[in-house]
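Asks: kindly generate the corresponding structure for this input.
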Amino acid sequence: MELTQGCQETVPLSSICGFVSEKETFSEIDSSFYVSTENILQDKQGISSFGTTKPNERVTPFQAKDVLVSNIRPYFKKMWFATVDGGCNSDVLCFRATDTQYTYLLKSILYQDKFFDYVMSGAKGTKMPRGDKKHIMLYTIPLFSDDNLQRFNSLALSIEENQAKNRQQMALLTSLKDMLLSTLSH
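Replies: The predicted model follows:
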């Protein structure tokens, strides 16, 4: 059964989230995690690693469960669902759900290719296009009933938990592989 079934009404993206706009120096955010457009992988594959920056650089503070999207050349579809708190540079848009009940819905909406196509339709510039923030917040999304939103969140949370377990198992297996290879090479 599709969760948007019966969703005739739409609302703008701004009804479930906003951009984090405050700025702080990197040394003030109490985190060593820094993200720029270079760290975010193409095609919504997350991040490669955390970057570095000067302690006095002005950054946008992000929190775990914010969605970070590179605003330079949106057609690369660089996106990360934050798993830690940190800071990002001004070329990265930080989306934050207005209410925790919208966290996974926001992630799912921004994950869609349709969203990135929409961003490109309002982008400014040709060589290095950037998404237009006002245009982005007008993106239309289905209005979920409370029931459907609750079911969606239950399903999304289950998926998130399974993905976290898989990441832990992969880290353990990588560690065991490295240990075995080290032992065999001696």
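
Asks: counting residues, name the longest helix you see in this structure.
Replies: helix 146-184 (DSSP state H).

Asks: quick one: mean pLDDT for that helix?
Replies: The average of the pLDDT scores along helix 146-184 is 86.

Asks: how far away from the center of its chain is that helix?
Replies: Helix 146-184 sits 17 Å away from the centroid of its parent chain (CA atoms, centre = their mean, to the nearest Å).

Asks: give the buried residues for that helix.
Replies: Buried residues in helix 146-184, defined by neighbour count with 16 or more other CB atoms under 10 Å: 148-149, 152-153, 160. For glycine as for every other residue, the C-beta is placed from the backbone atoms N, C-alpha and C.

Asks: for the residue nearest the centre of the chain, grab phi and psi.
Replies: With distances taken as CA atoms, centre = their mean, V67 lies nearest the centre of the chain, 2.7 Å away. In terms of degrees, to the nearest 10, the main-chain angles of V67 are phi -110, psi 120.

Asks: how about it, what does it touch?
Replies: With contact taken as CB atoms under 8 Å, 6 or more residues apart in numbering, V67 is in contact with 79-82, 94-96, 106-107, 110.

Asks: cool, F116 as well?
Replies: Residues near F116 by CB under 8 Å, 6+ apart: 74-75, 77.

Asks: how far does the strand or helix carrying it sit from its chain's centre?
Replies: Per DSSP states H and E: F116 is located in helix 113-121. Its chain's C-alpha centre and that of helix 113-121 lie 15 Å apart, by CA atoms, centre = their mean.

Asks: just stretch 30-38 next, same as before
Replies: Counting by CA atoms, centre = their mean, stretch 30-38 comes out at 13 Å from the chain centroid.

Asks: just the CA trace of stretch 111-131, in CSV.
Replies: Only the C-alpha atoms of stretch 111-131 are listed here, as CSV (Å, rounded to 0.1, in the frame of the first residue of the first chain):
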residue,chain,number,x,y,z
TYR,A,111,16.6,11.9,-1.7
GLN,A,112,14.3,11.8,-4.8
ASP,A,113,15.8,12.6,-8.2
LYS,A,114,12.6,14.6,-8.8
PHE,A,115,13.8,17.0,-6.0
PHE,A,116,17.1,17.6,-7.7
ASP,A,117,15.5,18.1,-11.1
TYR,A,118,13.3,20.7,-9.5
VAL,A,119,16.3,22.5,-7.9
MET,A,120,18.0,22.6,-11.3
SER,A,121,14.9,24.1,-12.9
GLY,A,122,15.3,27.2,-10.7
ALA,A,123,19.2,27.2,-10.5
LYS,A,124,21.1,30.3,-11.3
GLY,A,125,24.3,30.4,-13.3
THR,A,126,25.5,28.1,-16.1
LYS,A,127,29.1,27.0,-15.4
MET,A,128,28.6,26.5,-11.7
PRO,A,129,24.8,26.6,-11.2
ARG,A,130,23.5,27.1,-7.6
GLY,A,131,20.0,26.3,-6.3
